[in-house]
Structure formats: structure tokens, C-alpha cells
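Asks: 3D, please:
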Amino acid sequence: MPTDSKRKKIILVTIITFVINFGLDRLTKILAVEFLKGHFPKSFLGGIFKLIYAENTGAFLSMGANFPIVLKYILLAIIPILVCFAGLYWCLFKEKDTFRCILFTSVIAGGLGNLLDRLFNNFCVIDFMNFGIGNLRTGILNVADLSITFGVIIFIIYDLFFAKDKLLSDKKVEEKPSETEEKTETVDSTDSDN
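Replies: So this is what the prediction gives:
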């Protein structure tokens, strides 16, 4: 179980991560509506990065856009809300690894950013970025999608290659007896020899 100071650090980092991801998503969507909606796409870096306003009626990269309204509410609103709040609870009160909390909170903030669009914009999520070279391009996406995508990818890499080592080293630290326990054991063994 993490110490109180470690838990406070995790809570603070979780809140800061959420505010940055969620806030940046909201701000960029407001700017996209203001400066991109109804305008021609803008291209940068020789077409590698494009700003294109779009409204996505589905989930990530338009998945589920043609679902009936009841199914949309269940799959694109109710379940994501429950998952996001369960995830935030886990990060705030259960998770022991600060970096995992950062990654998981990025995913949650991205999910809630898109969910807010769906709930208050007739199930339309505002998308405005496109990356690629030539015909090899991403779909049109937003900051929330980037938070979700990079959060998940880095989370998987971290868990596969780094978290196990960290978990083992944390266990060794927890299992290592303190100096006073070692001295007590030494004194006890000396007394029993006499």
C-alpha cells in the first residue's frame, strides 16, 4: 500500500494530467470551431500535417456512426462514463505507479473530452487534425484521440517492458527488513545461543 505522501503525489499528478489533457482538448476544439469550420483545410510541413474541420458522429475514427440512437447512448455515452469514472477512482485511490496513472488518466481525459462533445453536440465529436505522407494518412482526429492513442500505446509498452521490473524492485524494498528488525533478530539469536 502506498504511503500517504506517495498517494498525495499520485492524486496531484492525476489531477494535473487530467486538467492538461482535458483542457487542451476543449481549447483546441473551441479554436477549431472558430477558425476552421466553414474554411478550406490548412496544410503544413509539405502536407504532412493538415487542419481540416470535421464532425464525427461515431466513436474513435467514426466507428459506430450508423448505430441506432439507443445503441449510441449505451455504447458511446453510458458505458464510457462508467468506465472513465471507474478508471479515475482507480488512479486516485488504488494505483501505486505514478507513471501508469499519468498514462491511464490521459486516456480517461481524452475519452471524457470526446464524450462531452457527444452529449452536448448531438453525438458529433469535433475533429480537425490529419497526419500522413501522400495517400498514407490518419483519419481526421483531435487532441482527445491523441491522448487516448498515445496513452494506450505507451501504457502497453510500459507494462510489458518496464512495470514488471519496477514492481519487483518495489517488492524487494517492501520485503527488506529495517535495521531495527535486523538488530532485534541478531540480539534474539545471540540470547538463544546462551
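
Asks: how about the strands of the chain, start to end?
Replies: In the chain, the segments counted as strands under DSSP state E are 42-44, 49-56, 125-133, 136-137.

Asks: To R100, which of the ones you listed lies closest?
Replies: Among these, strand 125-133 comes nearest to R100, with 26.4 Å by C-beta to C-beta. Placement of C-beta: from N, CA and C, glycine included.

Asks: Which positions within the closest one qualify as buried?
Replies: By neighbour count with 16 or more other C-beta atoms under 10 Å, strand 125-133 contains the buried residues 125-131.

Asks: again with stretch 4-20
Replies: In terms of neighbour count (16+ other C-beta under 10 Å), stretch 4-20 has its buried residues at 7, 10, 13-14, 17-18.

Asks: next one: stretch 151-161
Replies: Buried residues in stretch 151-161, counting neighbours by 16+ other C-beta under 10 Å, are found at 151, 154-155, 158.

Asks: residues near the closest residue to D159 other than its chain neighbours, how many?
Replies: Distances taken as C-beta to C-beta, 6 or more residues apart in numbering place R100 nearest to D159, at 7.5 Å, with adjacent residues excluded. R100: 20 surrounding residues under other C-beta atoms under 10 Å.

Asks: doesn't F162 make contact with R100?
Replies: No - between R100 and F162 there is no contact under C-beta atoms under 8 Å: 9.9 Å.

Asks: so how far is the longest helix seen in the chain off the chain centroid?
Replies: If you go by DSSP state H, the chain has its longest helix at helix 4-35. Centroid displacement of helix 4-35 relative to its chain, using C-alpha atoms, centre = their mean, to the nearest Å, is 10 Å.

Asks: Summarise which helices and strands it is packed against.
Replies: Counting contacts by 3 or more C-beta pairs under 8 Å, 6 or more residues apart in numbering; DSSP states H and E, helix 4-35 is packed against strand 49-56, helix 79-93, helix 98-120, strand 125-133, helix 143-158.

Asks: Need the ones you listed in CSV (columns: distance to L31 and mean pLDDT).
Replies: Shown next, in CSV, are these (distance: least, C-beta to C-beta, whole Å; pLDDT from 0 to 100):
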stretch, distance to L31, mean pLDDT
strand 49-56, 10, 94
helix 79-93, 24, 89
helix 98-120, 14, 92
strand 125-133, 9, 95
helix 143-158, 10, 96
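
Asks: which stretch among the ones you listed comes nearest V33?
Replies: strand 125-133 (6.4 Å).

Asks: Closest one to L82 out of the buried residues of strand 125-133, please.
Replies: Distances from L82 to the buried residues of strand 125-133, taken as C-beta to C-beta, are shortest for V125 (18.9 Å).

Asks: can you tell me which residues contact the closest one?
Replies: 55-57, 114, 117-118, 142, 144 (C-beta atoms under 8 Å, 6 or more residues apart in numbering).

Asks: Please repeat the previous calculation with a cut-off of 10 Å.
Replies: If a contact means C-beta atoms under 10 Å, 6 or more residues apart in numbering, then V125 has 29, 54-60, 62, 76, 113-118, 141-142, 144-145 as its contacts.
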